[in-house]
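Asks: Sequence first, predicted coordinates after that:
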Amino acid sequence: MSAAFSFALTATDGAARSGVISTPRGEIRTPAFMPVGTAATVKAMMPESVRATGADILLGNTYHLMLRPTAERIARLGGLHRFMNWERPILTDSGGFQVMSLAELRKLTEEGVTFRSHIDGSRHRLTPERSMEIQKLLGSDIVMCFDECPALPADDKRVAESMRLSMRWAARSKEAFGDRPGHALFGIQQGGVTQELRAESAEALRAIGFDGYAIGGLAVGEGQEAMFGVLDYAPGMLPEDKPRYLMGVGKPDDIVGAVARGVDMMDCVLPSRSGRTGQAFTRRGTVNIKNARHANDPRPLDEDCTCPACRNYSRAYLHHVFRAQEIISSMLLTWHNLHYFQEIMGGMRAAIAEGRFAAWQAAFHAGRAEGDI
Ligand SMILES: CC1(C)O[C@H]2[C@@H](O1)[C@@]1(COC(C)(C)O1)O[C@@H]2CNc1nc2cc3nc(N)[nH]c(=O)c3cc2[nH]1
């Protein structure tokens with residue numbers, strides 16, 4: 001265990017990188033995928049099961065936890081790690097994005113955002129200072145700056161104004177975060193899909209100085225082509241010796257393309273959310289288990305997968321329990337999806353370390369059929 005927070009790059013292969021983030025709560029192998037534990041749980045998973053899939057770190061959300069059960073209550077109970085029985089690293093998002101995508105009656109000013117809870121309509125305010133306070137109360141190991149992520153489509157003027165507000169909020173976040181050895185504060189690059197604005201944002205964040213740098217403002221419906229277009233230049237704008245975190249991504253081929261372009265960390269609700277809606281990701285493509293053609297199929301989701309769902313259950317069984325809306329359906333499909341996402345990450349880490357990432361990426365794409373398999 002490290003007393004401090006540090007990042008060591010161990011190999012590069014083209015733009016792809018592998019490394020290790022050391023924290024007082026354990027190491028994070030990069031490139032890393034972070035399962036999303038929004039309301040202090042990765043839905044349908046026990047923490048020990050999340051760890052068994054290969055996850056080194058998981059994500060929590062300021063927005064959800066400030067509303068319920070409140071950060072103050074979690075702090076009184078020993079912090080988020082103790083509360084949810086996950087003693088490894090936790091990264092928490094800062095709340096701005098979730099306010100804009102989930103809350104009602106939002107009012108945005110230079111000071112911050114006021115909004116009504118989507119749960120009970122109660123009034124709340126988030127500012128850079130309050131977001132830092134909440135993430136400190138939670139005990140988060142990696143804290144995200146409070147930022148504003150503009151909804152797309154947005155014209156350049158709106159994107160520029162929003163980015164510059166986020167940069168002012170980044171400075172306030174840094175000031176409020178203070179000096180917390182063993183804890184990290186990540187800045188978040190904004191600027192939409194406009195290279196000049198992305199460059200301005202990167203320079204502003206470098207001038208403030210952070211322990212890591214996120215690429216925000218993407219995976220908001222722009223599509224993979226536009227996202228990759230930004231990733232062709234945005235990671236290289238950020239300090240090479242710090243972790244680069246792409247927020248909210250994504251599907252398996254999004255993740256592979258992002259790592260190929262220099263991204264070190266990602267998070268996405270997709271594997272867990274899809275697990276609950278009957279969609280399984282496999283190396284040969286996706287399986288929509290609710291389809292009738294799986295009703296008599298004795299095969300596992302994926303013959304080559306070693307997860308508990310694939311070792312012990314048939315597609316026929318998974319089809320049955322999904323149709324019957326049995327809780328085990330969400331458990332097994334979520335476990336499989338998270339296991340598969342971590343298998344992709346482990347495969348990329350090894351391939352980068354051995355200088356064979358291009359071959360690994362070609363094999364990844366060659367094995368996949370489009371659509372439902
Ligand atoms: C809100 C929820 C559950 O998270 C998913 C999913 O809906 C949804 C909603 O629209 C689609 C695209 C369909 O996916 O976008 C989320 C995944 N994309 C994403 N997460 C992000 C989180 C972020 N956090 C901060 N602080 N700043 C950002 O710029 C930021 C950008 C992000 N982009």
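Replies: That came through, no problem.

Asks: Stretch 86-99: how far from the chain's middle?
Replies: 9 Å (C-alpha atoms, centre = their mean, to the nearest Å).

Asks: Helix or strand: which one has the closest residue to Thr282 other than its chain neighbours?
Replies: Residue nearest to Thr282 in three dimensions, not counting chain neighbours: Asp302, with 4.1 Å by C-beta to C-beta, 6 or more residues apart in numbering. For every residue, glycine as well, the C-beta is placed using N, CA and C. Using DSSP states H and E, Asp302 sits in no helix or strand.

Asks: which residues touch the nearest residue to Leu338 once chain neighbours are set aside?
Replies: Computed as C-beta to C-beta, 6+ apart, the closest residue to Leu338 that is not its neighbour in sequence is Thr53, at 4.3 Å. Thr53 is in contact with Pro35, Cys307, Trp335, Leu338, His339, Phe341, Gln342, counting by C-beta atoms under 8 Å, 6 or more residues apart in numbering.

Asks: How about whichever strand or helix holds the fourth one, which residues are buried there?
Replies: In this assignment (DSSP H and E), Leu338 forms part of helix 327-353. Using 16 or more other C-beta atoms under 10 Å as the test for burial, helix 327-353 gives 329-345, 347-349, 351-352.

Asks: ok, now stretch 43-58?
Replies: Those would be 43-45, 47, 49-50, 52-58, for stretch 43-58 by 16+ other C-beta under 10 Å.

Asks: related to what we said a few turns ago, next one: phi and psi at the residue nearest to Thr282?
Replies: As for Asp302, its main-chain torsions (degrees, to the nearest 10) stand at phi -140, psi 120.

Asks: ok, now Thr114?
Replies: Dihedral angles for Thr114 - degrees, to the nearest 10 - are phi -110, psi 150.

Asks: So for it, what's the pLDDT?
Replies: Thr114 is assigned a predicted lDDT (pLDDT) of 96.

Asks: re earlier: what distance do you get for the residue nearest to Thr282 to the ligand?
Replies: 25 Å (C-beta to the nearest ligand atom, to the nearest Å).

Asks: circling back: tell me the first helix or strand C-terminal of the helix holding Leu338.
Replies: As assigned by DSSP H and E, the chain's next helix or strand after helix 327-353 is helix 357-366.

Asks: got the angle for that following helix vs helix 327-353?
Replies: 150 degrees (axes from the mean of the first three to the mean of the last three C-alpha atoms, to 10 degrees).

Asks: And helix 357-366, what's buried?
Replies: In helix 357-366, counting by 16+ other C-beta under 10 Å, buried: Phe357, Trp360, Gln361, Phe364.

Asks: With stretch 256-271 instead?
Replies: For stretch 256-271, by 16+ other C-beta under 10 Å, it's 256-268, 270-271.

Asks: same check, this time on stretch 295-309
Replies: Quick answer for stretch 295-309 (16+ other C-beta under 10 Å): Asp297, Pro300, Leu301, Asp302, Cys305, Cys307, Pro308, Ala309.

Asks: Report the entries of the buried residues of helix 357-366 that also contact the ligand.
Replies: Contacts with the ligand within these, counted by C-beta under 6 Å from any ligand atom: none were found.

Asks: Between the residues you listed, which sits nearest Gln279?
Replies: Phe364 (18.8 Å; C-beta to C-beta).

Asks: Assign a three-state SS to the closest residue to that closest one other than its chain neighbours, would you?
Replies: In this structure, Phe364 finds its nearest non-sequential neighbour in Val256, 5.7 Å apart by C-beta to C-beta, 6+ apart. Following DSSP: H, G, I helix; E, B strand; the rest coil, we place Val256 in the helix state.

Asks: check contacts around Val256.
Replies: Ile344, Met348, Gln361, Phe364, His365.

Asks: 10 Å - rerun?
Replies: Counting by C-beta atoms under 10 Å, 6 or more residues apart in numbering, Val256 makes contact with Ala16, Pro31, Gly250, Ile344, Met345, Gly347, Met348, Phe357, Trp360, Gln361, Phe364, His365.

Asks: so can I have CSV of these showing pLDDT and distance to Tyr213?
Replies: Formatted as CSV, these follow (pLDDT from 0 to 100; distance: C-beta to C-beta, whole Å):
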residue, pLDDT, distance to Tyr213
Ala16, 98, 17
Pro31, 99, 15
Gly250, 97, 18
Ile344, 98, 23
Met345, 99, 20
Gly347, 98, 25
Met348, 98, 20
Phe357, 98, 22
Trp360, 98, 26
Gln361, 98, 24
Phe364, 97, 26
His365, 97, 28
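
Asks: Please list all residues in contact with whatever residue of the stretch 251-373 of the chain ends up closest to the ligand.
Replies: Closest to the ligand within the stretch 251-373 of the chain is Val269: 4.9 Å, counting by C-beta to the nearest ligand atom. Shown in contact with Val269 (C-beta under 10 Å, 6+ apart): Pro35, Val36, Thr38, Val42, Lys43, Leu59, Gly248, Arg276.

Asks: Tell me, how many residues neighbour Ser101?
Replies: 12 (other C-beta atoms under 10 Å).

Asks: does it really touch His64, like I thought?
Replies: No - using C-beta atoms under 10 Å, Ser101 is not in contact with His64, being 11.7 Å away.
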